[in-house]
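**Q** Fold the following.
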Amino acid sequence: MTSDVIAPAAVSAEEREALAEAIRDLVTRRADSASARAAMRATPRIDRGLWQTLCAEIGVAALPIPEEAGGAGASFAETAAVLEELGRSLSPVPVYATALATAAILIAGDDEVTAALLPSIASGERIATVCWAGRDGWDRPGVRADGGLLSGTADYVIDGESADLLLVLAGGVDGTTLHAVDADADGVTVTPLPVVDPSRPLSRIDFDEAPARTIASGSDLPGRLRTHAWALLAAEQVGGAAAALDLTVDYTKSRKQFGRIIGSFQALKHRMADMYASVETARSISRAAVAAIVTGDPAADDLAAAAHVYCSEAFARVTGEGIQLHGGIGITAEHDIQLYFKRAHGSAQLFGQPHEVIAELGGRLLS
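**A** Below you'll find the predicted structure:
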């Protein structure tokens, strides 16, 4: 069973907006900048209380999971709405990582595995993540599979240090295959990595002949999973860009220079108008990519690639402008705008950098 084969329950745009507002209200009540920063310094780097509340009160992990597997029977469009709000707050909770792991299981379409793994993910009982990249990126897995045993190293694993379940893409004689392994299994070593972006925990996970459950999946799994990864990441990037814009507008309304509020200067108004246009265009592209996945549109791959390129560049552009318009305070560790700047540049590296995606799309058009 896959998310774009089984028709999800119909959810209206109004209901989706209500979901986003519920997430925004919950995050506002349960977390602030100080608590988020504290979670970023914790071991593991997660706001465990917020994660449990999001799962228990709103069911964020259950949204794209079919009802027969213990989920809400909605779709990844609702997950994207949640991620946009969490991207706005930079909340250190593993919603994105768990959504990707869920997508991997649904795309594989193994009914037995779906029934065994998804209920505990849906309830929030287990945090899941995807192990994919090798040292050089996502083109070739860093892990090899041989006779049901995994060996090698998965780099850049999102929320790997807080995960209970690992969905591992591994290379082997049969191409790239999918495997499930418990994070505390024999032969698995998780090493949290120092990161420039403290709001995105990354880990290196080493496998030394670790026993794993092989999940039957088609040869198109990596491509389809990357499409989901790009589209969902774009939604999160839109939320971050919108928050950076809001911070900048608020600052320019209060900061005075030459006896005037700096937001009254025409040149700064023009720059913030451009920032707003970038955010809204990114939002449109992001939502188009997610909708294409949910409806099974054949153009989903290209739309997700376009969303990854545009939203990555828009997020970097908006946060860069935000840093400049904040002046000297924008580069201090005490101000939140620098966290969004770091998130923008860090997220652009995930699952293929924009310039690599552009080259790939260009090669496809020329072939």
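
**Q** Please make it C-alpha for all contacts and neighbour counts, starting now.
**A** Will do.

**Q** Going by neighbour count, which residues of the helix or strand containing residue 285 are buried?
**A** Element membership of residue 285, judged by DSSP states H and E, is helix 266-295. Going by neighbour count (16 or more other Cα atoms under 10 Å), the buried part of helix 266-295 is 272, 275-276, 278-279, 282-283, 285-295.

**Q** how many neighbours does residue 173 have?
**A** The number of residues packed near residue 173 is 9, by other Cα atoms under 10 Å.

**Q** What are the phi and psi values at it?
**A** Main-chain torsions, residue 173, degrees, to the nearest 10: phi -60, psi -20.

**Q** Look up how far residue 29 lies from it.
**A** Distance, residue 173 to residue 29, using Cα to Cα, to the nearest Å: 51 Å.

**Q** Residue 352 now?
**A** From residue 352 to residue 29 the distance is 35 Å (Cα to Cα).

**Q** And the two? Which one has more around it.
**A** The residue with more neighbours, out of residue 352 and residue 29, is residue 352; 19 against 9, by other Cα under 10 Å.

**Q** Quick check: which element contains the more buried one?
**A** In the assignment (DSSP H and E), residue 352 maps to no helix and no strand.

**Q** check contacts around it.
**A** Each residue near residue 352 by Cα atoms under 8 Å, 6 or more residues apart in numbering is listed here: 137-138.

**Q** what do you get for residue 319?
**A** 241, 244-245, 337-338, 340-341, 344 are the contacts of residue 319 under Cα under 8 Å, 6+ apart.

**Q** Let me know the closest of these to residue 33.
**A** For those, the residue nearest residue 33 by Cα to Cα is residue 337; the value is 11.2 Å.

**Q** Thought residue 322 was touching that closest one, still the case?
**A** Yes - using Cα atoms under 8 Å, residue 337 is in contact with residue 322, at 7.0 Å.

**Q** Show me the shaky parts of the chain.
**A** For the chain, applying pLDDT under 70 flags the ranges 1-10, 31-32, 364-367.

**Q** residue ranges for the strands of it, please.
**A** Under the criterion DSSP state E, strands of the chain are mapped to 128-131, 133-134, 137-141, 143-146, 149-158, 165-170, 177-182, 188-192, 202-211, 213-215, 256-257, 260-261.

**Q** now the ones you listed as TSV including mean neighbour count and distance to residue 21?
**A** Shown next, in TSV, are the strands of the chain (neighbours: other Cα atoms under 10 Å; distance: least, Cα to Cα, whole Å):
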stretch	mean neighbour count	distance to residue 21
strand 128-131	30	25
strand 133-134	22	34
strand 137-141	18	34
strand 143-146	22	40
strand 149-158	23	26
strand 165-170	26	30
strand 177-182	22	34
strand 188-192	18	33
strand 202-211	20	29
strand 213-215	18	37
strand 256-257	12	33
strand 260-261	13	31
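
**Q** Can you verify my assumption that residue 347 contacts residue 312?
**A** Yes - Residue 347 is within contact range of residue 312, at 7.3 Å (criterion: Cα under 8 Å).

**Q** higher neighbour count, these two?
**A** residue 312 (27 against 21).

**Q** Excluding chain neighbours, give the residue nearest to that one in space.
**A** Nearest non-adjacent residue to residue 312, counting by Cα to Cα, 6 or more residues apart in numbering: residue 348, 5.1 Å away.

**Q** what's the answer for residue 226, then?
**A** In space, and not counting its chain neighbours, residue 226 is closest to residue 351: 6.9 Å by Cα to Cα, 6+ apart.

**Q** Test my guess that the one you found contacts residue 229.
**A** Yes - look at residue 351 against residue 229 with Cα under 8 Å: they come within range, at 7.4 Å.

**Q** that older thread, of the strands of the chain, which approaches residue 363 most closely?
**A** strand 137-141 (15.7 Å).

**Q** Distance of the residue sitting furthest away from the middle of the chain relative to residue 265?
**A** The C-alpha centroid of the chain is most remote from residue 259, which lies 42.8 Å away (Cα atoms, centre = their mean). Distance of residue 259 to residue 265, given as Cα to Cα: 12 Å.

**Q** I'd like the distance from residue 242 to residue 165, if you could.
**A** Residue 242 is 32 Å from residue 165, by Cα to Cα.

**Q** next one: residue 131
**A** From residue 131 to residue 165 the distance is 10 Å (Cα to Cα).
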